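J.: okay, structure incoming, though there's no sequence with it:
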């Protein structure tokens, strides 16, 4: 009887909570292979935002498990709860905006995702990649967060169309904070009212700023935007 009760209880729990968080790898024949993480109890009728995370050079290669070492997936592994579809591609040699958008289109086709709430974030080489994706495809990206990277200044005027939070540690020896300042100044030169914020984190190193993915502020910033929305408030500070 006890065995029958246990089986019944298990079945009831299964029906009560039918969808668990799922991390799935997608191996691409061409372009980028990537992780897709969906939240618990995902309702297929409700469209969720997408967060694209772009890693730095140290995680490059052809082993997708490396991509989980830091960033958004690592934060989730440590307990962060994000009601969003997380997409984490891997590159072997720098970020190509066209290939990132190809991954995005595949996810939009296969998951209940909201194309008006697509966010991109990354650090180091992924910070550069973030700015290049938002700069080449500003009509696709609702908001972007670039950490300890830089950007291609030829995209500066396009980047005025995307709310952007650029962050850099003052003590970064791998990528100097001047790289973030350069792309920020180029954006503001193109449009002084652009929704772009530059935060220099006192004492922050190239590695220590990874902690930003474990907090709330960058996600709060991204989630408050959707395509067609615009914020005049571009002052965000650390305490």
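T.: Sure thing, it's come through. Keep in mind that what you see is a predicted model, and the values were worked out from it rather than measured. Residues are numbered from 1 along each chain as shown.

J.: other SSEs contacting the top strand by length along the chain?
T.: If you go by DSSP state E, the chain has its longest strand at strand 113-123. The contact analysis (3 or more Cβ pairs under 8 Å, 6 or more residues apart in numbering; DSSP states H and E) places strand 113-123 against strand 48-54, helix 97-110, helix 125-136, strand 143-147, helix 217-223. Using the backbone N, CA and C atoms, a C-beta is placed for each residue, glycine as well.

J.: pull up the pairing partners for the shortest one, direction included.
T.: I take that to be strand 143-147. Within its sheet, strand 143-147 is paired with strand 113-123 (parallel), strand 164-169 (parallel), according to DSSP bridges.

J.: which helices and strands sit right next to the helix or strand just after that strand?
T.: Downstream of strand 143-147, the next assigned helix or strand under DSSP states H and E is helix 156-159. Judged by 3+ Cβ pairs under 8 Å, 6+ apart, the packing partners of helix 156-159 are helix 125-136, helix 177-190.

J.: partner strands of the following helix or strand past the longest one, parallel or antiparallel?
T.: From helix 177-190 onward toward the C-terminus, using DSSP H and E, the following helix or strand is strand 196-201. Each strand paired with strand 196-201, and its direction, by DSSP bridges: strand 164-169 (parallel).

J.: and the angle for the strand it pairs with with helix 177-190?
T.: Note on geometry: by axes from the mean of the first three to the mean of the last three Cα atoms, to 10 degrees, strand 164-169 and helix 177-190 are set 150 degrees apart in direction.

J.: could we number from 59 for the rest of this?
T.: OK, 59 is where the count begins now, so the last one is strand 222-227.

J.: just how off-centre is strand 222-227 within its chain?
T.: 13 Å (Cα atoms, centre = their mean, to the nearest Å).
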